[in-house]
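Colleague: turn this into a model:
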Amino acid sequence: MSRTFNVINPATGARVGAAPDASADDARAAIERSVAAFPLWKAKTAFERGDLLRRWRDRILQNEDALARLMTAEMGKPITESRGEVKYAAGFVDWYAEEGKRAYGDLIPTHAAGKRLLATRQPVGPVYAVTPWNFPSAMVTRKVAPALAAGCSVVLKPAEQSPLTAIRLAELWVEAGGPAEVFQVVTTSDPVAVSEPFFADARVRKLTFTGSTEVGKLLYAQAARTVKRVSLELGGHAPFLIFEDADIAHAVTQVMATKFRNAGQTCVCANRIYVHASIREAVVVQLAEAVRALRVGDPLDEATQIGPLVDRAGLDKVTAHVADAIAKGARAVVGGQAGQGLYFEPTLLVDVAAGMRILEEETFGPVAPIVSFTSEAEVIAAANDTPYGLAAYLWTRDLGRAFRVSEALDYGIVGVNDGLPATPHAPFGGVKASGVGREGGRWGLDEYLDVKYVSIALPA
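Modeller: Down below sits the predicted model:
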């Protein structure tokens, strides 16, 4: 493959490096290698696959700083967050190195004395995985590790904004002794053309995608042509509910943790912050102080907490959301303006009301809008009034309310007094327009396994 495309540092505008620019023919060649590798990899025992995954985990952790710096350079994440992401990514590999050994089957009670009934679980087949730019390593291992543990071969297409980390992860897999054909990375500046062969080929049995709802719907329809297994982790529009009994200082800490991580460029970050009217002023004062204290700067600087947005389209969307809110009556207590290059000031908006785009669309930027409420029923209805259903958060010291509200929220993930609930051994995924399927834990392994029923009639 001779063609390449440049990867640009969003903080500086400088060229980070070049990635191979694959074509549809390159994709077809990758499919052939993946299909040929699948039966050989499937034949490995779960223990053999687990040993290779552990060696891959070790290589990832040994290269923690280099991977972190690469992520920061290609997508702008602060270096301290990038180091945390490498550990998080390695955590998925570590978990599935063991969980692959627990793809248990069942002996089913028989209905006839001369029969024995079994249910086994087998790898679904070659997988096409598509990952986003905002978590260049963790989104790779969250998909690839369970697929490999289950016995599937994988072709991964990372986002064109951050392909270099995925390439390096595949190199570390090979360095750890993993077969190159079992985990391949195809990078391209033309994702539509390169993806088409995967959807057209019935031998590719599984699609796993993380990205926008709009793109996810298109891929879902294309996967239907060959009836592929599908898991989709799509957009979010997370509400954060702060009730009147909240410990305000702790609630603000959790809002900051979920809202401003990765400059607000996460699908589970708090996009709408609902605060009980009785404590609104106190929350706004403390939140404004915390937002003002955020350090914006060079993402390679250890002190930086807010880096750039990934590209001009991302910056333009954030700018448009804030401008729309202010034009319709909202007020920026902190920030509210674009900075130099692709930076946007950490922003706190108050007097936010229905009809503003920021309450209807995923912002994907460092902007915290405050909406007040007066009753539990009112805020639950507002929180659920969205086509999305990925993550939601609430802060309360009332145990009954914690159960009532978490059960009433129509979301796949709920953090109660916890702004960072994700962990490799728990299920991650949404409902409604936020996707289908789950990643993480035993649920993530199930996405790559088919159930086979075997009925044996015993000879007389």
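Colleague: so, low pLDDT: which residues of the stretch 1-150 of the chain?
Modeller: For the stretch 1-150 of the chain, the stretches with pLDDT under 70 are 1.
Colleague: would you map the helices across it?
Modeller: Secondary structure of the stretch 1-150 of the chain (DSSP state H, counting those that start in this stretch): helices at 24-43, 46-62, 64-75, 79-99, 138-150.
Colleague: list the buried residues in the longest one.
Modeller: Buried positions in helix 79-99, judged by neighbour count with 16 or more other Cβ atoms under 10 Å: 79-86, 88-97, 99. (Each C-beta comes from the backbone N, C-alpha and C, glycine too.)
Colleague: what does the first one give?
Modeller: The neighbour-count criterion (16+ other Cβ under 10 Å) identifies Ala24, Asp26, Ala27, Ala29, Ala30, Ile31, Arg33, Ser34, Val35, Ala37, Phe38, Trp41 as the buried residues of helix 24-43.
Colleague: pretty sure the last one contacts Gly151?
Modeller: The one in question is Trp41. Yes - with contacts defined as Cβ atoms under 8 Å, Trp41 counts as touching Gly151 at a distance of 6.0 Å.
Colleague: joint contacts of those two?
Modeller: Both Trp41 and Gly151 are contacted by Arg49, under the criterion Cβ atoms under 8 Å, 6 or more residues apart in numbering.
Colleague: measure Asp51 to Arg142 for me?
Modeller: Per Cβ to Cβ, to the nearest Å, Asp51 is found 21 Å from Arg142.
Colleague: for these two, indicate the residue with more neighbours.
Modeller: More neighbours surround Arg142 than the other of Asp51 and Arg142, with 28 against 15 (other Cβ atoms under 10 Å).
Colleague: could you measure from that one over to Arg54?
Modeller: From Arg142 to Arg54 the distance is 17 Å (Cβ to Cβ).
Colleague: next one: Gln184
Modeller: 21 Å.
Colleague: who's more crowded, these two?
Modeller: Each of Gln184 and Arg54 has its neighbours counted (other Cβ under 10 Å); Gln184 has more, 20 against 15.
Colleague: pairing partners for whichever strand or helix holds the more buried one, with directions?
Modeller: Assigned by DSSP states H and E, Gln184 falls within strand 183-185. Here strand 183-185 has these sheet partners by DSSP bridges: strand 154-157 (parallel).
Colleague: ok, then the element right after the partner strand?
Modeller: Downstream of strand 154-157, the next assigned helix or strand under DSSP H and E is helix 164-175.
Colleague: for that following helix, buried residues please.
Modeller: Buried, per 16+ other Cβ under 10 Å, within helix 164-175: Leu164, Thr165, Ala166, Ile167, Arg168, Leu169, Ala170, Leu172, Trp173.
Colleague: against Asp51, how distant is the fourth one?
Modeller: By that I understand Ile167. Per Cβ to Cβ, Ile167 is found 24 Å from Asp51.
Colleague: next one: the first one
Modeller: When Cβ to Cβ is the yardstick, Leu164 and Asp51 sit 28 Å from each other.
Colleague: equivalent analysis for the second one, please.
Modeller: Going from Thr165 to Asp51 by Cβ to Cβ gives 24 Å.
Colleague: and what of the fifth one?
Modeller: Per Cβ to Cβ, Arg168 is found 22 Å from Asp51.
Colleague: grab the nearest non-local neighbour of the spatially most distant residue from the centre of the chain.
Modeller: Here the centre of the chain is the reference, and by Cα atoms, centre = their mean the most remote residue is Ala460, at 54.4 Å. Distances taken as Cβ to Cβ, 6 or more residues apart in numbering place Gly114 nearest to Ala460, at 7.2 Å, with adjacent residues excluded.
Colleague: run a quick neighbour tally on the one you found.
Modeller: Neighbourhood size, Gly114 [other Cβ under 10 Å]: 10.
Colleague: Arg401 now?
Modeller: 16.
Colleague: one more: Glu345?
Modeller: As a burial measure, Glu345 scores 20 neighbours (other Cβ under 10 Å).
Colleague: so Pro369 lies in a helix, does it not?
Modeller: No - Pro369 is assigned strand when assessed by DSSP: H, G, I helix; E, B strand; the rest coil, not a helix.
Colleague: okay, now it: neighbour count?
Modeller: Around Pro369 there are 25 other residues, counting by other Cβ under 10 Å.
Colleague: check contacts around it.
Modeller: Contacts of Pro369 by Cβ under 8 Å, 6+ apart are Asn271, Arg272, Ile273, Ala325, Ala330, Leu349, Val352, Met356, Ile358, Leu359.
Colleague: could you measure from it over to Thr319?
Modeller: Distance from Pro369 to Thr319, by Cβ to Cβ: 15 Å.
Colleague: one more: Val227?
Modeller: 42 Å.
Colleague: when these two are compared, which one has more neighbours?
Modeller: Neighbours per residue (other Cβ under 10 Å) separate Val227 from Thr319, with Thr319 holding more: 17 against 9.
Colleague: Provide the secondary structure category for the more buried one.
Modeller: Three-state call for Thr319 (three-state DSSP): helix.
Colleague: what count of nearby residues applies to the closest residue to it other than its chain neighbours?
Modeller: Leaving aside its sequence neighbours, Thr319 sits nearest to Ala338 (Cβ to Cβ, 6+ apart; 5.3 Å). The tally of other residues near Ala338 (other Cβ under 10 Å) stands at 18.
Colleague: same deal with Ala150?
Modeller: Neighbourhood size, Ala150 [other Cβ under 10 Å]: 28.
Colleague: tell me who's in contact with it.
Modeller: Residues in contact with Ala150 (Cβ under 8 Å, 6+ apart) are Gly100, Ala103, Pro123, Val124, Leu445, Tyr448, Leu449.
Colleague: so how far is Glu81 from Val291?
Modeller: Note on Val291: its distance to Glu81, by Cβ to Cβ, is 17 Å.
Colleague: my read: Ser137 touches Met71, true?
Modeller: Yes - between Ser137 and Met71 there is a contact under Cβ under 8 Å: 6.3 Å.
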